[in-house]
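Asker: Whatever this is, show me its structure:
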Amino acid sequence: MRKAAAVGAAGLAVNLLAGSAVAAAKPADQEPADDAAPAPADEHAQPMIVHVRDVRSGHLDLFSGEQHHRVQDPALAAALVRALG
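Answerer: Okay, the predicted model is just below:
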């Protein structure tokens, strides 16, 4: 039950931070394209799940629909941990 609550809190925190922190996160699995701009957070209609792989290094897995992205953002990882209380 604690894990389910942690996942729910992480999802809530990501929804709150999605507009700024996730857009600024450095993709770990690919180089960002110079001309590709991230979609605004209000245009993303599907739920998002975040798996914090390593808080210290900031490695996160983002899942939404059929998509999976790995990013590295220590500040976002720390913010998610703080959101759990």
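Asker: May I have stretch 69-83 exported as CSV, CA atoms only?
Answerer: Coordinates of the C-alpha atoms in stretch 69-83 are reproduced here as CSV (Å, rounded to 0.1, in the frame of the first residue of the first chain):
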residue,chain,number,x,y,z
HIS,A,69,11.5,8.0,-21.9
ARG,A,70,14.5,8.0,-19.6
VAL,A,71,15.7,11.4,-18.3
GLN,A,72,18.3,12.6,-15.9
ASP,A,73,17.2,15.5,-13.6
PRO,A,74,18.5,15.5,-10.0
ALA,A,75,16.4,18.5,-9.1
LEU,A,76,13.2,16.8,-10.2
ALA,A,77,14.0,13.6,-8.5
ALA,A,78,14.7,15.5,-5.2
ALA,A,79,11.4,17.4,-5.6
LEU,A,80,9.5,14.2,-6.0
VAL,A,81,11.1,12.7,-2.9
ARG,A,82,10.2,15.9,-1.0
ALA,A,83,6.6,15.7,-2.2
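Asker: Quick one: mean pLDDT over that stretch.
Answerer: Stretch 69-83 carries an average pLDDT of 95.
Asker: Okay, buried residues for it please.
Answerer: If you call a residue buried by 16 or more other C-beta atoms under 10 Å, then stretch 69-83 has these buried ones: 69, 71, 72, 73, 76, 77, 80. Quick note: C-beta positions are derived from backbone N, CA and C, even for glycine.
Asker: Strands - which of these land there?
Answerer: 69, 71, 72 (DSSP state E).
Asker: right, and the second one touches residue 60 too?
Answerer: If I follow you right, that is residue 71. Yes. Contact criterion C-beta atoms under 8 Å: residue 71 and residue 60 qualify, at 5.2 Å.
Asker: what is the rounded mean pLDDT of the strand or helix carrying residue 61?
Answerer: Residue 61 is located in strand 59-64, with elements delineated by DSSP states H and E. Summarised as a single mean, pLDDT over strand 59-64 is 96.
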